[in-house]
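Engineer: Provided below for reference: sequence and predicted model.
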Amino acid sequence: MLVVGFPVGALQANCYLLATGEGEACVIVDPGQDAVEPITEALRKHRLSPVAVLLTHGHFDHVFSVAPVCDGHDVPAWIHPDDRDLLADPLKGISPETAAFFGGRLAMREPAEVRELTDRADLDLAGLTLTVDHTPGHTGGSVCFSAGTEEGGRIMLSGDTLFAGSIGRTDLPGGDHARMLVTLREKVLPLDDDTVVLPGHGPTTTIGRERASNPFLLELQRGTGAPAAPHRGL
């Protein structure tokens, strides 16, 4: 599997391109702020043809370029229905401080074609089978995407659910710390240790590394709950 990733925008959200190899069809995950140019360059460099855009959640730092990317390549965007309204109203999902930083205005619109994600569904796109897990907590419509690799392992695109050493914040509109703990307990902790995690911000990690060192997962495993998440991302 070919995985191309790079941070974009003021909040350095990770955008990813996934394909079976060079010169093949691909999916684009989380085209955030200022993502059009680096996506275009990555498509050219690796001779890729996009067939869909997948969104881990609706926060603008992950979806800001979804309309130009989708409409420019005539491909659909996939998002969980609980976050769909954020595509056209990005201020609905961010803090007043973040909104003020951007002048209180973020103009966005839905792309021409939007399809809604379903929990535990398999998406067969670009020669890949990607499993959708609804992982609410950071937002109501947060999802993670996972796929097998030719080598027998698995990768998970965790969005802002799980980071290296941390988890997504839950204090924004649509966030819910109790739901995040359920997500971590039921959807993250059962995963195999060798699952490679491609997060929405920061470096790549593995489930095994996070199980052994992430303070939030450690607290859950001890049965003592977990502290409130720090502010990361929006």
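Structural biologist: Thanks, I have the structure now.

Engineer: Run the chain-centre distance for the longest helix along the chain.
Structural biologist: Identified as the longest helix of the chain according to DSSP state H is helix 36-46. On the basis of C-alpha atoms, centre = their mean, to the nearest Å, helix 36-46 sits 19 Å off its chain's mean C-alpha point.

Engineer: what comes up buried for that helix?
Structural biologist: 38, 39, 42, 43, 46 (16 or more other C-beta atoms under 10 Å). From N, CA and C alone the C-beta is placed, and that goes for glycine too.

Engineer: Pretty sure the third one sits against residue 19.
Structural biologist: No: distance between residue 42 and residue 19: 10.2 Å, which falls outside the contact criterion (C-beta atoms under 8 Å).

Engineer: what touches both of those two?
Structural biologist: residue 48 (C-beta atoms under 8 Å, 6 or more residues apart in numbering).

Engineer: Now the residue nearest the centre of the chain: closest residue in space that isn't a chain neighbour?
Structural biologist: In the chain, the centroid-proximal residue (C-alpha atoms, centre = their mean) is residue 159; its distance is 2.7 Å. Excluding the flanking residues, the one nearest residue 159 by C-beta to C-beta, 6 or more residues apart in numbering is residue 56, at 2.7 Å.

Engineer: Hmm, that neighbour is touching residue 139, no?
Structural biologist: No: using C-beta under 8 Å, residue 56 is not in contact with residue 139, being 9.2 Å away.

Engineer: which one of those two has more residues nearby?
Structural biologist: The neighbour count for residue 56 versus residue 139, taken as other C-beta atoms under 10 Å, is higher for residue 56 (33 against 30).

Engineer: Output the lowest mean pLDDT helix or strand found in this structure.
Structural biologist: helix 96-101 (a mean of 69; mean pLDDT, DSSP states H and E).

Engineer: so after that one, what's the next helix or strand?
Structural biologist: Of the helices and strands lying after helix 96-101 in sequence (DSSP states H and E), the nearest is strand 114-116.
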